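S.K.: Sequence isn't available, so here's the structure alone:
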């Protein structure tokens, strides 16, 4: 079983930046794709972006494209979500999740989840 721990959330002014980290508890050879998701109050959980663990191919939701960047450090079993030019509408709890087989953008198709980290962007 993969345990995931997010960190790096906090309060930032609009236009600012944050970097989230997601550390996996075991060797990541069994991970096919890692996804970053977010959930704002009263809204459904949505995909922010994904990264294939082998090869590093990325996908970004239109709402964050050009502002957010996903990367990974295989040696540290860690993925990152660099968030720039943050907007108040980016305020949400951010989660990382992994899927062992195949890619997906659907939260319900991921196998393991972190507990989330709060990101609040003030106007």
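M.R.: That came in fine, so what should we check first? Note that the coordinates shown come from a computational prediction; the quantities given were computed from them, not determined experimentally.
S.K.: And the helix or strand where residue 19 lies, how far out from the chain middle?
M.R.: Assigned by DSSP states H and E, residue 19 falls within strand 18-24. Centroid displacement of strand 18-24 relative to its chain, using CA atoms, centre = their mean, to the nearest Å, is 8 Å.
S.K.: do stretch 63-73 as well
M.R.: The chain centre lies 9 Å from the centre of stretch 63-73; the measure is CA atoms, centre = their mean.
S.K.: cool, stretch 108-119 as well?
M.R.: 8 Å.
S.K.: And stretch 88-104, by the same measure?
M.R.: That offset, for stretch 88-104, works out to 4 Å (CA atoms, centre = their mean).
S.K.: quick one: terminal-to-terminal distance for it?
M.R.: Taking CA to CA, to the nearest Å, stretch 88-104 runs 27 Å from one end to the other.
S.K.: Can you tell me the centre-most residue of this structure?
M.R.: residue 36 (2.3 Å; CA atoms, centre = their mean).
S.K.: what is it paired to in the beta sheet?
M.R.: With DSSP bridges applied, residue 36 shows beta-bridge pairing to residue 49, residue 96.
S.K.: swap in residue 18?
M.R.: Beta bridges link residue 18 to residue 83 when assigned by DSSP bridges.
S.K.: residue contacts, it?
M.R.: 8-10, 12, 83, 86, 119 (CB atoms under 8 Å, 6 or more residues apart in numbering). Yep, even glycine has a C-beta here, placed from its N, CA and C like the rest.
S.K.: Using PyMOL, make a named selection holding only the buried ones among these.
M.R.: Listed next is the PyMOL selection for buried residues among the contacts of residue 18, using 16 or more other CB atoms under 10 Å:
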select buried, resi 8+9+12+83+86+119
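S.K.: want to throw the contacts of residue 18 into CSV with pLDDT?
M.R.: Formatted as CSV, these follow (pLDDT from 0 to 100):
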residue, pLDDT
8, 97
9, 96
10, 97
12, 98
83, 98
86, 98
119, 98
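S.K.: Next step: the contacts of residue 18 restricted to strands.
M.R.: 10, 12, 83, 119 (DSSP state E).
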